[in-house]
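Novice: What follows is a predicted protein model with its sequence.
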Amino acid sequence: MTGPKLALIAGGGDLPLAVAARCEAEDRPLFVVRLAGFADPALEAWDGVDMGMARIGGILSAMKKAGCGAVCLAGTVSRPDFKNLKPDLKGATLLPGIVKAASQGDDALLRKILSVFEAEGYVVEGADDILGGDTLTAGALGRVTPDPAQLADLRKALHVAEKSGELDVGQGAVVCDGLVLAVEAQEGTDAMLTRVAGLPADLRGAPGAPKGALGKAPKPIQDLRVDMPVIGARTIELAAAAGLAGVGGKAGRLILIDRAAIVEAADRLGLYVWGEA
């Protein structure tokens, strides 16, 4: 996919790096706004600036100066303590509306932030579109296919994740033998899987005797241009360490960061990756 010069508003995690690499591979002009305290230092390889998240005026000014026509928000960012933010003039003007939106939940907050860029004339692009629509496809990804009991765990995990999403809590859940072991909240998927790995052995599977599933689903109310669920090879590694038998999501609604690496990790560790149609 090519298009106007892209401003990548980069938080933490691997997704911003994947977006930047895809732009580079397609010779698409890119400008990276590295959010201070979140963005991976590796993003310094691309033209851009380091900015605090409250410096909205500075971010917009930098994007305009760089000649950007589109914007993508990608990566993890924890909700700030609004009392301790140090906004610039534009940020101070917008902050009351942002705080009000934040009180209504993360998705209302994201929609408010998107509206700021749209009001400035920028086209908002989803990371999945930039990555060529590389999302989970229906069925098994890799050599391992879940059996009926494993699918039952995964489907319950997806159901719990969706119900959790309705409350604007998170995007993931872990179920083992029908028992809900964890629901993702602000800690993120990696921390949730690490927490599951620390549960008593009789509640979960183990390497060599895996059971249970991680299910990831978008919140029903969220704008899929921002914050679509993501998995990568690290997700598979952590799921295996937690004793899980597999990972899955809704087909077309789960971004894959490096499909080949995910398949390699899943096949090597004996986990299934399943796309629910």
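Specialist: Now that the structure is in, tell me what you want to look at.
Novice: got a list of what Ile113 touches?
Specialist: Residues in contact with Ile113 (Cβ atoms under 8 Å, 6 or more residues apart in numbering) are 73, 98. (Each C-beta comes from the backbone N, C-alpha and C, glycine too.)
Novice: ok, so what distance separates the closest residue to Ala197 other than its chain neighbours from Pro210?
Specialist: Leaving aside its chain neighbours, Ala197 sits nearest to Ala242 (4.2 Å; criterion: Cβ to Cβ, 6 or more residues apart in numbering). Ala242 is 9 Å from Pro210, where distance means Cβ to Cβ, to the nearest Å.
Novice: Of those two, which one has the most company?
Specialist: Set Ala242 next to Pro210 and count neighbours by other Cβ atoms under 10 Å: Ala242 wins out with 26 against 22.
Novice: Contacts only, for the more buried one.
Specialist: Taking Cβ under 8 Å, 6+ apart, we find Ala242 in contact with 174, 193-194, 196-197, 204-205, 212.
Novice: Look up phi and psi at it.
Specialist: Backbone geometry at Ala242, expressed as degrees, to the nearest 10, gives phi -80, psi 0.
Novice: any idea which of the contacts of Ala242 has the most stuff around it?
Specialist: Result: Val174 is most packed of these (other Cβ under 10 Å), 29 neighbours.
Novice: burial of Val49, as a residue count?
Specialist: Using other Cβ under 10 Å, Val49 has 17 neighbouring residues.
Novice: Next, the buried residues of the helix or strand hosting it.
Specialist: According to DSSP states H and E, Val49 maps onto strand 48-51. Within strand 48-51, the residues that count as buried by 16 or more other Cβ atoms under 10 Å are 48-49, 51.
Novice: Show the pLDDT at Cys72.
Specialist: If you check Cys72, the pLDDT there is 94.
Novice: Quick check: closest non-adjacent residue to it.
Specialist: Excluding its sequence neighbours, the residue lying closest to Cys72 (Cβ to Cβ, 6+ apart) is Glu125, at 4.9 Å.
Novice: Against Leu8, how distant is that neighbour?
Specialist: As judged by Cβ to Cβ, Glu125 and Leu8 stand 10 Å apart.
Novice: what sits in contact with each of the two?
Specialist: Both Glu125 and Leu8 are in contact with 71-72, where contact means Cβ under 8 Å, 6+ apart.
Novice: Those two: who's more crowded?
Specialist: Of the pair Glu125 and Leu8, Leu8 is the one with more neighbours under other Cβ under 10 Å, namely 29 against 21.
Novice: tell me which of the buried residues of strand 48-51 is nearest to Gly270?
Specialist: Gly48 (40.1 Å; Cβ to Cβ).
Novice: Report the spatially closest residue to that closest one, excluding sequence-adjacent ones.
Specialist: In space, and not counting its chain neighbours, Gly48 is closest to Val32: 3.3 Å by Cβ to Cβ, 6+ apart.
Novice: Same question for the one you found, what's its three-state structure.
Specialist: Recorded secondary structure, Val32: strand (DSSP: H, G, I helix; E, B strand; the rest coil).
Novice: pretty sure it contacts Asp47?
Specialist: Yes - using Cβ atoms under 8 Å, Val32 makes contact with Asp47 at a distance of 6.9 Å.
Novice: neighbour-wise, which of those two wins?
Specialist: Just comparing Val32 and Asp47: by other Cβ under 10 Å the higher neighbour count belongs to Val32, 25 against 10.
Novice: Now do the contacts for the more buried one.
Specialist: With contact taken as Cβ under 8 Å, 6+ apart, Val32 is in contact with 7-8, 10, 16, 20, 39, 43, 46-49.
Novice: Residues contacting stretch 84-104, please?
Specialist: Contacts for stretch 84-104 (Cβ under 8 Å, 6+ apart): 52-58, 60, 79, 82, 108-109, 111-113, 116.
Novice: farthest-separated two in those?
Specialist: Distance extremes for the contacts of stretch 84-104: the farthest pair is Gly58 and Ala108 at 24.0 Å, using Cβ to Cβ.
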